[in-house]
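J.: here is a sequence together with a model predicted from it:
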Amino acid sequence: MLYKPFHLLAVTSLCRIRSAAFTMSSSASVLVRLVASAYSVAEKAGTIVRSVMSGGDLGIVEKTGANDLQTAADRLVQQSICSSLARKFPHLTIIGEEDLPPADVEESLIETGEYAEVLKSVFPSQYSNIKEEELVVWVDPLDGTKEYTEGLLDHVTVLIGVAYQGKAIAGVINQPYYNYQAGDSAVLGRTIWGVLGLGAFGFQLKEVPAGQHIITTTRSHSSKLVNDCIDAIKPDKVVRVGGAGNKIIQLIEGQASAYVFASPGCKKWDTCAPEAILHAVGGKITDIHGNPFQYHKDVKHMNSAGVLATLRNFDYYFSRVPESVKKALVA
């Protein structure tokens with residue numbers, strides 16, 4: 001389905017942009033400008049998320065059950081991200097989580113800015129020949145929706161991932177409520193961004209002390225299979241939180257040493273942006289079988305064989321995944 005810049009047309013969460021509008025004069029600038037725009041769009045998304053919460057009506061609907069919710073913030077943020085990026089980059093393919101009916105997008109949801117710090121960055125030369133139509137953007141407008149509805153605001157992120165040739169190469173993560181417990185004078189919210197081969201920015205990289213094994217895993221989608229996998233690792237501590245973006249942030253900020261989710265359920269829009277940022281700082285993320293994720297525009301959305309991610313020592317955790325768990329999860 002065509003995605004028109006002034007409207008949001010989403011069928012099975014797919015916004016495909018194939019307009020015959022302008023292309024960037026320099027192909028080398030396409031990724032730079034896209035990431036710079038995604039940063040500004042993510043900042044606006046964080047503002048929308050907070051505005052919906054402060055308004056008091058979250059507009060909650062159940063998609064497939066009580067653990068799969070959608071709020072007004074999910075809907076408005078997806079409209080904002082998809083429409084804003086479509087105006088500037090009409091040849092992109094954008095895939096968003098929410099299945100939304102066609103709707104006019106209010107002008108107030110459009111963000112036209114480009115983050116100056118990204119524009120000043122020198123991106124790796126291997127991206128210099130990328131064309132706009134070769135990029136796929138994966139959008140999770142509100143990762144951790146259930147936690148958002150329950151007031152666990154530090155779990156919530158907005159995810160914009162960029163893929164090229166099926167590989168996650170750039171990502172932007174906004175945390176709308178970063179610092180929300182630090183008092184009225186604290187700066188609320190932050191945006192992290194990264195590009196494979198360049199690095200990741202907006203946070204301080206830390207590692208769990210050597211010898212400690214702290215697992216971060218699902219808070220609301222646990223199962224016997226998930227717990228069996230975690231038990232086999234024999235961790236010192238298990239941290240159960242919401243949101244894939246939140247879990248990857250725990251890895252890069254030294255709050256956890258591995259993210260283990262031995263179950264279907266996680267989707268490509270959950271992992272694309274976090275993967276790019278994790279890989280940009282030397283980490284690794286795969287399914288439970290050790291297979292890398294693919295982000296082609298036609299790939300299935302479900303990460304059917306779960307998720308295993310670490311900042312360091314990936315082989316240690318992978319070697320401890322039981323064969324019974326691997327056999328239960330079809331790649």
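T.: That came in fine, so what should we check first?
J.: name every strand pairing with the helix or strand residue 174 falls within and say which way it goes.
T.: In the assignment (DSSP states H and E), residue 174 maps to strand 167-175. Taking DSSP bridges as the criterion, strand 167-175 forms sheet pairs with strand 157-164 (antiparallel), strand 190-195 (antiparallel).
J.: can I have that strand written out in CSV, keeping just the CAs?
T.: Provided in CSV are the C-alpha atoms of strand 167-175 (Å, rounded to 0.1, in the frame of the first residue of the first chain):
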residue,chain,number,x,y,z
LYS,A,167,20.8,-5.6,8.5
ALA,A,168,20.1,-3.1,11.2
ILE,A,169,22.6,-0.3,10.7
ALA,A,170,21.2,2.7,12.6
GLY,A,171,18.8,3.2,15.5
VAL,A,172,17.2,5.9,17.6
ILE,A,173,15.7,5.2,21.1
ASN,A,174,13.7,7.9,23.0
GLN,A,175,13.0,7.4,26.6
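J.: how far does that strand sit from its chain's centre?
T.: 6 Å (C-alpha atoms, centre = their mean, to the nearest Å).
J.: next: stretch 131-143.
T.: 10 Å.
J.: what angle do the longest helix along the chain and strand 157-164 make?
T.: When the chain is parsed with DSSP state H, its longest helix is helix 28-55. When axes from the mean of the first three to the mean of the last three C-alpha atoms, to 10 degrees is applied, the directions of helix 28-55 and strand 157-164 differ by 160 degrees.
J.: just checking, what packs against helix 28-55?
T.: Packing partners of helix 28-55 (3 or more C-beta pairs under 8 Å, 6 or more residues apart in numbering; DSSP states H and E): helix 72-88, helix 116-119, strand 135-143, strand 157-164, strand 167-175, strand 190-195. C-beta coordinates here come from the backbone N, C-alpha and C atoms, glycine included.
J.: now mean pLDDT, mean neighbour count and distance to residue 324 too, for the ones you listed, in JSON lines please.
T.: Formatted as JSON lines, those follow (pLDDT from 0 to 100; neighbours: other C-beta atoms under 10 Å; distance: least, C-beta to C-beta, whole Å):
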{"stretch": "helix 72-88", "mean pLDDT": "96", "mean neighbour count": "25", "distance to residue 324": "36"}
{"stretch": "helix 116-119", "mean pLDDT": "95", "mean neighbour count": "15", "distance to residue 324": "45"}
{"stretch": "strand 135-143", "mean pLDDT": "98", "mean neighbour count": "28", "distance to residue 324": "30"}
{"stretch": "strand 157-164", "mean pLDDT": "98", "mean neighbour count": "28", "distance to residue 324": "32"}
{"stretch": "strand 167-175", "mean pLDDT": "98", "mean neighbour count": "28", "distance to residue 324": "29"}
{"stretch": "strand 190-195", "mean pLDDT": "98", "mean neighbour count": "25", "distance to residue 324": "35"}
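J.: so for residue 218, which of those sits nearest?
T.: With C-beta to C-beta as the measure, strand 135-143 is the member of those nearest residue 218 (12.5 Å).
J.: give me the helices and strands touching the closest one, please.
T.: Of the remaining helices and strands, those touching strand 135-143 by 3+ C-beta pairs under 8 Å, 6+ apart are helix 28-55, helix 72-88, strand 93-96, strand 157-164, helix 244-252, helix 268-280.
J.: right, and the helix or strand after it?
T.: Downstream of strand 135-143, the next assigned helix or strand under DSSP H and E is helix 145-149.
J.: centre of the chain to that following helix, how far?
T.: With C-alpha atoms, centre = their mean, you get 16 Å for helix 145-149.
J.: got it, and stretch 249-267?
T.: 12 Å.
J.: and residue 114, which helix or strand is it part of?
T.: Using DSSP H and E, no element contains residue 114; it sits outside every helix and strand.
J.: out of the helices and strands packed on helix 28-55, the one nearest residue 290 is which?
T.: Nearest to residue 290, of all those, is strand 167-175, at 16.1 Å by C-beta to C-beta.
J.: low-confidence ranges in the protein?
T.: 1-28, 102 (pLDDT under 70).
J.: any idea which residue sits dead centre in it?
T.: The centre of the chain sits closest to residue 159, judged by C-alpha atoms, centre = their mean, with a distance of 3.3 Å.
J.: in its sheet, what does the helix or strand just after the longest helix of the chain sit against?
T.: Where DSSP H and E defines the elements, the next helix or strand beyond helix 28-55 is strand 61-65. Sheet pairing of strand 61-65 (DSSP bridges) gives strand 68-70 (antiparallel).
J.: against residue 228, how distant is residue 250?
T.: 22 Å (C-beta to C-beta, to the nearest Å).
J.: the more surrounded of the two?
T.: Between residue 250 and residue 228, residue 250 has the larger neighbour count (other C-beta atoms under 10 Å), namely 21 against 15.
J.: my read is that the more buried one contacts residue 259, right?
T.: Yes - counting by C-beta atoms under 8 Å, residue 250 touches residue 259, with 7.4 Å between them.
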